[in-house]
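**Q** test case, fold it:
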Amino acid sequence: MTCQEFGSILEKEGKAIYTFCRQLTSSRDEADELYQETMLIAMEKCSKIDRGGNPKSFLMGIAVKCFKNQRRKIARRQRIAPQDSMDDESYTLNIADSGLTPEEQYITEELCGLVRMEIASLKEKYRLPVYMFYSAEMSIEEIAKALHIPKGTIKSRLYTARTIIKEKLEDYGYEM
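**A** As a prediction, this is how the structure comes out:
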């Protein structure tokens, strides 16, 4: 694959990759760093990207590997020299022009915040497929290929994640 072809793939899939990085890290600075690292590695492996195949899945796989490597580095550093973490701004949902009443808008924002919080609290093996399926809009097959695990495992993890989130939301008083 040439640099021009890679540029066109980046133009087409770049926003989805960045959004995925943003949700994985939940911090704009960390997402920028992860996205840049992903694109650098993708440029190095440019010849391995199959234009006829699914380049988005390939790029998501690189992002996941970079994310896991960053988490390992952070954990290693924390074991050596523990530091307090600082919270970044939270993700907000813009539903101002949705035609909802203020009460409905508040309830929707609250529910979205709870769902985001519960997704973030899931184990990584459940959280990654959820982000890939719902945020990056990847198919089960694409997720399986990117994470190098069977399709059945992805389906099972998505089902388990949805069940956990549903139970937690019911604990908060929301009926599903």
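**Q** so who does residue 120 touch?
**A** 26, 127 (CB atoms under 8 Å, 6 or more residues apart in numbering). C-betas here are computed from N, CA, C, even on glycine.
**Q** what strand or helix carries it?
**A** helix 102-121 (DSSP states H and E).
**Q** tell me the buried residues in that helix?
**A** Residues 116, 118, 119 are the ones in helix 102-121 that count as buried (16 or more other CB atoms under 10 Å).
**Q** do stretch 147-157 as well
**A** Buried, per 16+ other CB under 10 Å, within stretch 147-157: 147, 154, 157.
**Q** so can I have TSV of those residues showing pLDDT?
**A** Shown next, in TSV, are these (pLDDT from 0 to 100):
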residue	pLDDT
147	90
154	95
157	95
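**Q** next, format those as JSON lines and append distance to residue 69 and secondary structure.
**A** Supplementary listing: those in JSON lines, determined by distance: CB to CB, whole Å; DSSP: H, G, I helix; E, B strand; the rest coil:
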{"residue": "147", "distance to residue 69": "15", "secondary structure": "helix"}
{"residue": "154", "distance to residue 69": "22", "secondary structure": "helix"}
{"residue": "157", "distance to residue 69": "21", "secondary structure": "helix"}
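**Q** elements contacting the helix or strand hosting residue 75?
**A** Here residue 75, judged by DSSP H and E, is contained in helix 55-80. For helix 55-80, the elements it packs on are helix 3-25, helix 28-44, helix 124-130, helix 140-147, judged by 3 or more CB pairs under 8 Å, 6 or more residues apart in numbering; DSSP states H and E.
**Q** and those helices: which comes nearest residue 102?
**A** helix 3-25 (27.4 Å; CB to CB).
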